[in-house]
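Trainee: Mind folding the following:
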Amino acid sequence: MKKFNVIKKGILSLFVLGFVFTSCSNNEEATEAEDVTQDTTEVKRSAEIDQIDNILGDIVIDAYEEQESTADRSGVTDDIVYAKDIPECVTITVVAQQNYREVTLDFGTEGCMVNGHLIQGQIVFDYTRNPEAQQIMINYNLVDFYFDAKNVMASRSILKELSNENGNPQFTHSLSVTVIWPNGLQASREGTRIREWVEGFNSGVFSDNVFEITGNWTATFVNGNTHTYEVLVPLRREVVCAYFVSGSFDVQRTNFGGIFDFGDGDCDNQATFTFNNGTEIPVVLN
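Mentor: Numbers count the residues shown, from 1 in each chain. From the prediction side, this is the model:
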């Protein structure tokens, strides 16, 4: 009877150990799945910041180019001007003092729809006008600014070069920005983005413009996670599309990384993320 009890206890111990190991294994798999979901969610949130950067860049460059075109034609600047490709619900006010220009784009507290996005608040930018200069620095600030209910805080600069080595206009953007989502998620970005104007810059119509974007930046999330990004294939930005239509960038963080790819030219919200181990998952952009 004693020997039987020993055997029974041994079997019970093996069962308990097996259950513990199985539970640990399941917990580890669940934790890994949660980590992957969190990491890809952060990459997706970073892509949303890309979208904000794109629209901000479009608006500032469009308003700047229209302001310069108006000044070249008339030699003077009215207090209020209009940019052909910025909706009429945006009030554009210009303060001109000799060669200094300050331009305010007011989207109102109720907001204005721009390229399918609700924008509220103001963009205020200034620059020193010099038609002969090869480079112009444009500085801009966001005032009580919201993009699709995301609070966006930034004080940034854009360096415009009249002609780069390819003979195209080029804009180098500083990427210092903080975005707060309605659910409290927060991310900040630092880095540099180079936007080469490859098509449409002599047409006089902003909506046919195409940019190719390169650069590198770092995104830091409120939980302390930091991702580094480097463009591998230039990101193609067609102004008529809300998303990049092609291009890819490398994403790396401790124990995590991969390639984020926007596809081969279609204007849609579909992208893919390929982990360092080769696993590929689809990503739907907001």
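Trainee: tell me the mean pLDDT over the host helix or strand of residue 119?
Mentor: If you go by DSSP states H and E, residue 119 is part of strand 117-128. For strand 117-128, the mean per-residue pLDDT is 96.
Trainee: next one: that strand to chain centre, how far?
Mentor: Relative to the chain's own centre, strand 117-128 is displaced by 16 Å; criterion: C-alpha atoms, centre = their mean, to the nearest Å.
Trainee: mind listing the helices for the stretch 1-150 of the chain?
Mentor: Along the stretch 1-150 of the chain, counting by DSSP state H, counting those that start in this stretch, helices occupy 2-74.
Trainee: could you point out where it is predicted with low confidence?
Mentor: 1-39, 72-85 (pLDDT under 70).
Trainee: let's go with 50 and repeat that
Mentor: Applying pLDDT under 50 to the stretch 1-150 of the chain flags the ranges 1-35, 77-78.
Trainee: give me the number of residues near residue 184?
Mentor: Residues within reach of residue 184, counting by other C-beta atoms under 10 Å, total 7. All C-beta atoms are positioned from the backbone trio N, CA, C, and that covers glycine.
Trainee: should've said residue 46
Mentor: Neighbours of residue 46 using other C-beta under 10 Å come to 20.
Trainee: Enumerate every residue touching the nearest residue to it once chain neighbours are set aside.
Mentor: Once flanking residues are discounted, residue 46 sits nearest to residue 219: 4.8 Å by C-beta to C-beta, 6 or more residues apart in numbering. Going by C-beta atoms under 8 Å, 6 or more residues apart in numbering, residue 219 touches 42, 46, 49, 187-189, 226-227, 229.
Trainee: which residues of the stretch 51-200 of the chain fall in strands?
Mentor: 91-97, 100-106, 112-114, 117-128, 135-147, 150-161, 170-174, 177-180, 186-199 (DSSP state E, counting those that start in this stretch).
Trainee: buried sites along the fifth one?
Mentor: The one in question is strand 135-147. 136, 138, 140, 142, 145-147 (16 or more other C-beta atoms under 10 Å).
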